[in-house]
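Asks: got a predicted model here, sequence first, then my questions.
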Amino acid sequence: AGPRALAVAAAGAGRRGRRVRHQSGQLAGQPRVARLGRVDRGLPPDGGQALSPDRAIALISTSYARAGDGSEAAGAFVADLAQELAARMPVRVVVPGRAEARERHGAVEAWSFQAPDKPRSLLSPGNPANWPTIARTLGSLKRATLAANADRRVAHALGFWVLPSGWAARALQRQHGVPY
């Protein structure tokens, strides 16, 4: 039997009574849907693109719990999600670090972008003194995101949150056609 289909209320459902069909194990948000975790079933019935075992999903975040010591509490859910997904498919993360680097965290491949030591939430674009640091961080984030797909194996990207991670995912889409 195929995956269970769930009917979920769409945005604005209260106004017009519209419903959207969502299939368990799929990402939504694009006209085409990337299936997650079920690489043995070919293309889904809606024509979305199946995720083959040699293709990866990229998670792009400005916080990520590496040490498990609570120092990156905001990114703990991203690390947990990456580890859970890695049990089902190849996962790559683009996360902050002291320098641009590539490393492995268990089953997860990680590309680090160079981020300042102070919390990124304290970098205000309203303060011109922060502009050089913001520009360096954004440039490093974009380079690391594109490097994570240097071998063209990223099938889909998820950016946590819109700025700056969604911006980096959009750069990946524009340069390599990877949906986000």
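Replies: Received, thanks.

Asks: contact partners for the residue nearest to Leu59 when sequence neighbours are not counted?
Replies: Here the nearest residue to Leu59 in space, its sequence neighbours aside, is Val93; by Cβ to Cβ, 6 or more residues apart in numbering that works out to 4.8 Å. Quick note: C-beta positions are derived from backbone N, CA and C, even for glycine. Val93 makes contact with 58-61, 64, 78-79, 82, 105, 108-111, according to Cβ atoms under 8 Å, 6 or more residues apart in numbering.

Asks: mind redoing it with 10 Å?
Replies: 57-61, 64, 75, 78-79, 81-82, 85-86, 105, 108-112, 144, 148, 158, 160 (Cβ atoms under 10 Å, 6 or more residues apart in numbering).

Asks: what about those, which are in strands?
Replies: Among the contacts of Val93, the members falling in strands are 57-61, 105, 108-112, 158, 160 (criterion: DSSP state E).

Asks: between these, which has the most around it?
Replies: The most neighbours of any of the ones in strands among the contacts of Val93, using other Cβ atoms under 10 Å, belong to Ile60, which has 30 neighbours.

Asks: surely that residue is in contact with Ser165?
Replies: Yes. Ile60 is within contact range of Ser165, at 4.3 Å (criterion: Cβ atoms under 10 Å).

Asks: common neighbours of the two, please.
Replies: Between them, Ile60 and Ser165 share the neighbouring residues Val78, Val94, Val95, Leu141, Thr145, Ala157, Leu158, Gly159, Tyr180, with contact defined by Cβ under 10 Å, 6+ apart.

Asks: where's the fifth one relative to Ala86, distance?
Replies: From Thr145 over to Ala86 the distance is 19 Å, taken as Cβ to Cβ, to the nearest Å.

Asks: those two: who's more crowded?
Replies: Thr145 (29 against 19).

Asks: show the contacting residues for the closest residue to that one other than its chain neighbours.
Replies: By the measure of Cβ to Cβ, 6+ apart, the closest residue to Thr145 outside its immediate chain neighbours is Ala168, 4.2 Å from it. Going by Cβ under 10 Å, 6+ apart, Ala168 touches 58, 60-62, 94, 113, 138, 141-146, 148, 157, 159, 180.
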